[in-house]
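Trainee: with the sequence up front, the predicted model follows.
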Amino acid sequence: MLGYIDKNSSVSSYQPSREVAEFTKEVKDSVSRGMEILETSWPELNNYNVIDRDSKDKRTFNAFVDEETDDPSEAWKYRGTRSEARKKGIAMHANLTASYLRGRFQAQNESDEIDREFSEYMDDVVEWMTLPTVSNYQSSFLNVGFGMLTNTVTFMGAEYYEVMQEIKVKTEKGYDKTEILDEVLSGFQAPVYSSDQILITNAYERNIQRQRCIHKRRFIEYQEAQAKWQHHSNWVYVQPGIKSIYSEEYGVFYDVVDDQHPDLVEEIVYQNRREDCEVVFINGVYFGEEEIDPVLGNPILHRDNRNAPKYNVVPFGYHRINEHFFYNKSLMNTLGWDNDLYDAMTEIVMNRAFLEQNMPVAVSGADKIDTEIIFPGAVTAFEDKDTKITPILPPANFYAGFRTLQDTKDSMAESSVSEISSGQLPDKEQKAVAIRAAAQSAKTIISGVGKNLAESVTQHSLLMADIVIQHITVPQVIELGGNKTKLKYRQFLLENKDIGGKKVSKRIIFDEALNEKEMTDEEMRAYKKEEGLKLLKKVGYPNNKEHLYIINPLLFSKMKYLSRVDIEEMFPKNDEFRQAVMSQVYPILRKEPLIDAESLVRKFTYAFFRGEADDLMSKNPKQTMQQMTGTPEKSTMGAQMESKMVSNALQGV
């Protein structure tokens, strides 16, 4: 959409209507504003622009070293890097992505009353959307985590597509072409955008939904664009490496060669939330509605359950620079000066160590002294009695250098994670109290960064909930033959769900029959009981390995959903922690009459035996429960294990 028109540019065959040309000019101006923000030097970024800041921080993370030198006298010097910032970055990424965060939902009806069942159902469907077999959410989450280490901002989108592809089908007469759904490009996608791929119009507005407009800018393969847009009448004007640029001076479009991307096409998605407008431009060519006004005829595709438009991208950043600036300070930016100091000091210490081991000397006298006589075990007799060899440098004191390196390393740990949190064993001289304090300090730092991550994940989860309501749980029309059709809802299967202390599969079914039923609360309970008995029989209760849930899709779509992320999920509890906690609470809860005994026992055994817990359960739990009185005593081995595990758990292990 942006380019330079010169005397070699030819008039394009693409010449749209006046309304489209004027709209293209408005979009071009807003894209220019977005590029200006990217290329401006900001004091908040130490007078770097966004692109250069990201480039510098990426070099820090990649441990880039310029090894080229034209001076032979400098070639012997140490020119490496200890990669301390990279090590801290990898450790921080491991802590931030210890679990795949996603929002937990709270469903509210029209009276703002919380509905726990629908809250759980939305949790389950969104969890299903994040599975690797369904979408790229998990890989995108990892990529966003890396982006937080090196970028001023990284974006993750929440998009839904239905893209068809042509395939060849063998028939009696040869091969015919038919269309099927392209499962690679279709469905829910969570694409990751770098800082230069999302253009904004206000650098001092952090809330992306308040931006006047945004632009998604990508360079993609011609074939990918063709799969999405080949049915549009303007597709004939798209050529790889050729942009159609609008000239305000002459009021026509010119073809401009894109030397940097000769085999790709530029896709720009313009979104304006206030005007409810979303239009795609491919190499500057308009791909919106052609017979309607460019603004009115192209509503934003992503909408919530109120049918309100939203920008479907969320910014992620390491930590904020101030209360207004849109871009963030990356971890590599935070550690940059300490990392440079550490490498510079390492260079000094290492170079002096080289000289100390192979000291340069000054020779006086007539005898020749060079590498011919300097080697291990050499004995040389000098003819000139005045020959002297004197070291040029005084003996080195390395303590100050190594002390400076350690102080710099400690400074970097204070800004990121400690060595213990990075997975390294503590020194044997360190006391347990010091280790525990260091671990708690690292957790505090990670929690601070985690709050920024949690806020962004919360916003993204709300976008996913919109997609659930607008696309995932919408019925599909199936042809039955004889001009008859039927609505069919998608089913969702989640494996290894903890239900009643038992690990089973959970299947969620949306039933359109419930849409037509108007029931009182009492009738609904009776209906659920009746249907529940049928479902139990269907799954083979009591030896069932699957639980079925039937949901009213209409009520599900009318709920208002709020989202939150618990940052404690970033610190998954290990087995020892779970076992210690269960050993403590089990004898207490076992006496409570409101606690289901079978579920409690299942959770307790699962903490120790995982998938083998079911093998330990009684085949006749009712009879076993009648025989049991009081609280079972702990075995000696169990008491010893509990003592050790509680001790470890209290240390944050």
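Mentor: Cool, got the structure. Numbering: from 1, shown residues only.

Trainee: now stretch 169-176 - C-alpha only, CSV.
Mentor: Output of stretch 169-176 as CSV, limited to C-alpha atoms (Å, rounded to 0.1, in the frame of the first residue of the first chain):
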residue,chain,number,x,y,z
VAL,A,169,-10.9,-36.8,-7.0
LYS,A,170,-10.5,-39.9,-9.2
THR,A,171,-13.6,-40.9,-11.2
GLU,A,172,-14.4,-43.4,-13.9
LYS,A,173,-13.5,-40.8,-16.5
GLY,A,174,-10.3,-39.6,-14.9
TYR,A,175,-9.9,-36.9,-12.3
ASP,A,176,-12.3,-34.1,-11.3
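
Trainee: centre-most residue in the protein?
Mentor: Nearest residue to the geometric centre of the chain (Cα atoms, centre = their mean): Phe141, 1.9 Å.

Trainee: surely it meets Ser99?
Mentor: No: counting by Cβ atoms under 8 Å, Phe141 sits too far from Ser99 to count as a contact (9.7 Å). For every residue, glycine as well, the C-beta is placed using N, CA and C.

Trainee: now Leu301: how far from Val256?
Mentor: 29 Å (Cβ to Cβ, to the nearest Å).

Trainee: the more surrounded of these two?
Mentor: Between Leu301 and Val256, Val256 has the larger neighbour count (other Cβ atoms under 10 Å), namely 22 against 16.

Trainee: just to be sure, that one is in a helix?
Mentor: No: assessed with DSSP: H, G, I helix; E, B strand; the rest coil, Val256 is strand; it does not lie in a helix.

Trainee: got a list of what the closest residue in space to it that isn't next to it in sequence touches?
Mentor: Nearest residue to Val256 in three dimensions, chain neighbours excluded: Gly3, at 4.0 Å (Cβ to Cβ, 6 or more residues apart in numbering). Gly3 sits next to Lys243, Ile245, Val256, Asp258, Gly284 when contact means Cβ atoms under 8 Å, 6 or more residues apart in numbering.

Trainee: turn these into a markdown table, including distance to Val31 and pLDDT.
Mentor: Compiled in a markdown table, the contacts of Gly3 are given as follows (distance: Cβ to Cβ, whole Å; pLDDT from 0 to 100):
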| residue | distance to Val31 | pLDDT |
| --- | --- | --- |
| Lys243 | 12 | 95 |
| Ile245 | 12 | 94 |
| Val256 | 15 | 94 |
| Asp258 | 15 | 92 |
| Gly284 | 10 | 95 |
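
Trainee: and of the residues you listed, the nearest to Gly187?
Mentor: Gly284 (29.0 Å; Cβ to Cβ).

Trainee: measure the residue nearest to that closest one when sequence neighbours are not counted to Gly3 for me?
Mentor: Nearest in space to Gly284, with sequence neighbours left out and distances taken as Cβ to Cβ, 6+ apart, is Ser244 at 3.9 Å. Applying Cβ to Cβ, the value for Ser244 to Gly3 is 9 Å.

Trainee: mutual contacts of those two, please.
Mentor: Val256, Gly284.

Trainee: how's the protein carved up into domains?
Mentor: 1-40+203-298, 468-567, 574-650 (automatic domain parsing).

Trainee: out of these, which is the most enclosed?
Mentor: Mean neighbours per residue, mean count of other Cβ atoms under 10 Å, is largest over the domains of the chain for domain 1-40+203-298, with a mean of 17.

Trainee: output stretch 554-567 in PDB with nothing but the alpha carbons.
Mentor: The C-alpha trace of stretch 554-567 is given here as PDB (Å, rounded to 0.1, in the frame of the first residue of the first chain):
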ATOM      1  CA  LEU A 554     -29.400 -20.700  23.300                       C
ATOM      2  CA  LEU A 555     -28.900 -20.100  27.000                       C
ATOM      3  CA  PHE A 556     -25.100 -20.700  26.600                       C
ATOM      4  CA  SER A 557     -24.900 -17.900  24.000                       C
ATOM      5  CA  LYS A 558     -26.900 -15.400  26.000                       C
ATOM      6  CA  MET A 559     -24.600 -15.500  29.000                       C
ATOM      7  CA  LYS A 560     -22.200 -12.700  29.700                       C
ATOM      8  CA  TYR A 561     -18.700 -14.100  30.300                       C
ATOM      9  CA  LEU A 562     -16.000 -12.500  32.400                       C
ATOM     10  CA  SER A 563     -12.500 -13.900  32.500                       C
ATOM     11  CA  ARG A 564      -9.600 -14.000  34.900                       C
ATOM     12  CA  VAL A 565      -6.100 -15.600  35.100                       C
ATOM     13  CA  ASP A 566      -4.600 -16.900  38.400                       C
ATOM     14  CA  ILE A 567      -0.900 -16.200  38.200                       C
END
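
Trainee: quick one: mean pLDDT for it?
Mentor: Stretch 554-567 comes out with an average pLDDT of 88.

Trainee: got the contact list for that stretch?
Mentor: 101-110, 112, 115, 118-119, 121-122, 305, 447, 450-451, 453-455, 457-458, 461-462, 465, 469, 473, 510, 514-515.

Trainee: try stretch 276-294
Mentor: Against stretch 276-294 from outside (Cβ under 8 Å, 6+ apart): 1, 3, 14, 16, 19-20, 23-24, 27, 225, 229, 232-234, 237-239, 242-246, 253, 258, 265-272, 295, 297-301, 309.

Trainee: export it as PDB, just CAs?
Mentor: Output in PDB follows, covering the C-alpha atoms of stretch 276-294 (Å, rounded to 0.1, in the frame of the first residue of the first chain):
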ATOM      1  CA  ASP A 276     -17.300  -0.900  12.600                       C
ATOM      2  CA  CYS A 277     -15.200  -1.400   9.500                       C
ATOM      3  CA  GLU A 278     -12.800  -4.100   8.400                       C
ATOM      4  CA  VAL A 279     -11.300  -4.300   4.900                       C
ATOM      5  CA  VAL A 280      -8.400  -6.400   3.400                       C
ATOM      6  CA  PHE A 281      -5.900  -4.900   0.900                       C
ATOM      7  CA  ILE A 282      -3.700  -7.300  -1.000                       C
ATOM      8  CA  ASN A 283      -0.700  -5.400  -2.500                       C
ATOM      9  CA  GLY A 284      -2.800  -2.300  -2.300                       C
ATOM     10  CA  VAL A 285      -5.800  -3.800  -4.100                       C
ATOM     11  CA  TYR A 286      -9.200  -3.400  -2.300                       C
ATOM     12  CA  PHE A 287     -10.800  -6.700  -1.300                       C
ATOM     13  CA  GLY A 288     -14.000  -5.500   0.400                       C
ATOM     14  CA  GLU A 289     -17.600  -5.400  -0.700                       C
ATOM     15  CA  GLU A 290     -17.800  -3.900  -4.200                       C
ATOM     16  CA  GLU A 291     -21.500  -2.900  -4.500                       C
ATOM     17  CA  ILE A 292     -21.900  -1.300  -1.100                       C
ATOM     18  CA  ASP A 293     -20.200   1.600   0.600                       C
ATOM     19  CA  PRO A 294     -16.600   0.600   1.600                       C
END
